[in-house]
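> Got a predicted model here, sequence first, then my questions.
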Amino acid sequence: MTALQAVPDVEPTEASRVNPREKTARRLLGSSAKNSYSPDLDIDWDAEPVEGMWHMQPERMSLYGTALWESLTQEQRVELSKHEVISVARVGLWFEILLMGMLASHAYNQDPASEHTQYALTEIGDETRHSVMFARWADKYGGVAYKPHPVVHHLGKVFRLVAPTGPSMWAATLVAEELLDRLQREGMADERMQPMSRMVSRIHVIEEARHVRFAREELVREMEKSHRGPVLWFHQVFAAAAAAIIAESIISPKVYESVGLDPKQAHRTARRNPEFQETKRWMGEKIVPFLDEVGMINPVARFIYRRAHLMS
Ligand SMILES: [Fe+2]
Ligand SMILES: [Fe+2]
């Protein structure tokens, strides 16, 4: 494992001594300097998968517990785990590119001398490396096509043009980051998993912990501002809709073709699978109550989170 770079500690500035926003940014900048990875060097991309090991935890897979799952051989289940984890990474990549745009817009409006802005720019650097890592991983296993549905892809294009800043930007970011974090945190500790899957997860979990901290604090600050009435309603519902789209998109129906299943039928089975619905609730277990606590969930948003199986 090679740290991307290592820089010595720098004396805190006056602003970071007194301003909590600057203080957090300073700490995150320090952590980024000491604990960042270069997936190009830190992952052995030529390594072949270890026969029989899972690419994703079987219990978190979309068909686990169904009759269709029972009909698959062990080899097919392991093969499907490779395609499902790549689909998750491919959707992660899609969102990260959107997030980089949002962070760039955020930084554009801030003082570049502030450590807060410098951290936002540093986070774009992390996400760039993650996106290349996910792209390379997907390419290795032939899963580059597992992008979100074309409608969602086009929605993303519109979103890039009209991306809201404010609470929904941070809430949507947190949902994407924390759903994936839950899955990867468990996966990186699972000894049944392929070494490459564990390493990708480990790199992502370590670096995303900073992003989550940054976004959580920004969301709290945003909610302390006076967002009221229809503006607040829009942010609440926009964030819930983004969360539902992300949760629905993580497993591309195309993955089922890899083991000879009918994609439509398998996708329908996965959507109705109570085990997979429970997995989604488990993925949302940390972030959704936080969004509720800070006032980001109104009755319409609650309905959307429930329909998406992200809360009970
Ligand atoms: Fe990332
Ligand atoms: Fe991130």
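Happy to help now that I have it. Ligands and ions are numbered 1, 2, ... in the order given.
> What values do phi and psi take at W54?
When read as degrees, to the nearest 10, the backbone of W54 gives phi -80, psi 150.
> Can you give me every residue that contacts it?
Each residue near W54 by CB atoms under 8 Å, 6 or more residues apart in numbering is listed here: 78, 81, 190, 192-194, 197. To be clear about C-beta, it is placed using only N, CA and C from the backbone, and glycine gets the same treatment.
> What is the most widely separated pair among these?
V78 and D190 (13.7 Å; CB to CB).
> Tell me which residue in the stretch 1-150 of the chain sits closest to ligand 2.
The nearest approach of the stretch 1-150 of the chain to ligand 2 comes at E127, 5.5 Å away (CB to the ion).
> Can you name every helix or strand that the helix or strand A240 falls within contacts?
In the assignment (DSSP states H and E), A240 maps to helix 229-249. On a contact count with 3 or more CB pairs under 8 Å, 6 or more residues apart in numbering; DSSP states H and E, helix 229-249 meets helix 74-108, helix 150-162, helix 167-188, helix 274-284, helix 299-307.
> Let's see which of the contacts of W54 end up in strands.
With strands taken from DSSP state E, there is no overlap with the contacts of W54.
> Just read off the phi/psi values of Y37.
Dihedral pair for Y37: phi -120, psi 160, per degrees, to the nearest 10.
> partner residues bridging it?
When bridges are called by DSSP bridges, Y37 pairs up with A3.
> Looking at it now. What's its pLDDT?
Note for Y37: predicted pLDDT of 92.
> and the residue in the stretch 51-200 of the chain that ligand 2 sits nearest to, how many neighbours?
Here the stretch 51-200 of the chain gets closest to ligand 2 at one residue, E177, 4.8 Å apart by CB to the ion. Neighbour count for E177, taken as other CB atoms under 10 Å: 24.
> can you check the one 4 residues further on too?
Counted with other CB under 10 Å, residues neighbouring D181 total 21.
> Close to ligand 2: what parts of the stretch 101-250 of the chain are there?
For the stretch 101-250 of the chain, the residues found near ligand 2 under the criterion CB under 5 Å from the ion are 177, 208, 211.
> gap between the last one and D181?
What it means is H211. Computed with CB to CB, to the nearest Å, the distance linking H211 and D181 is 9 Å.
> before we move on, what about the second one?
From E208 across to D181, the span is 6 Å (CB to CB).
> What of Y119?
For Y119, the distance to D181 - CB to CB - is 19 Å.
> Chain neighbours aside, what residue packs nearest to D111?
T117 (6.1 Å; CB to CB, 6 or more residues apart in numbering).
> For L72, list the residues it contacts.
Here L72 is in contact with 63, 80, 259 (CB under 8 Å, 6+ apart).
> Which residue is the nearest non-sequential neighbour of the second one?
If you skip the residues right next to it in sequence, L80 has V259 as its closest partner in space, 5.0 Å away by CB to CB, 6+ apart.
> what do you get for E127?
Excluding the flanking residues, the one nearest E127 by CB to CB, 6+ apart is E96, at 4.6 Å.
> And the one you found, what's its pLDDT?
Value for E96, per-residue pLDDT: 94.
> What of R17?
For R17, pLDDT reads 64.
> And G142, by the same measure?
pLDDT at G142 comes out at 86.
> And for E123?
In this model, E123 is scored at 97, pLDDT.
> contacts for stretch 262-282?
Residues outside stretch 262-282 that contact it (CB under 8 Å, 6+ apart): 59-66, 68, 182, 247, 251, 253-254, 256-257, 308-312.
> Next: stretch 179-198.
43-44, 47, 49-50, 53-57, 60, 85, 88, 92, 137, 200-202, 204-205, 208-209, 212, 243, 246-247, 250, 282-287, 310.
> Any of the contacts of W54 buried? List them.
Among these, those scoring as buried are 78, 81, 190, 193-194, 197 (criterion: 16 or more other CB atoms under 10 Å).
> Could you dump these into TSV with pLDDT added?
Formatted as TSV, the buried ones among the contacts of W54 follow (pLDDT from 0 to 100):
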residue	pLDDT
V78	98
S81	98
D190	97
M193	97
Q194	97
S197	97
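> What residue in the stretch 101-250 of the chain comes nearest to ligand 2?
Relative to ligand 2, the nearest point of the stretch 101-250 of the chain is H211 (3.5 Å; CB to the ion).
> Any buried residues in the strand or helix carrying that residue, and which?
In this assignment (DSSP H and E), H211 forms part of helix 195-224. By 16+ other CB under 10 Å, the buried positions in helix 195-224 come out as 196-205, 207-212, 214-219, 222-223.
> Also stretch 64-80?
So stretch 64-80, judged by 16+ other CB under 10 Å, has buried residues 64-66, 68-69, 72, 77-80.
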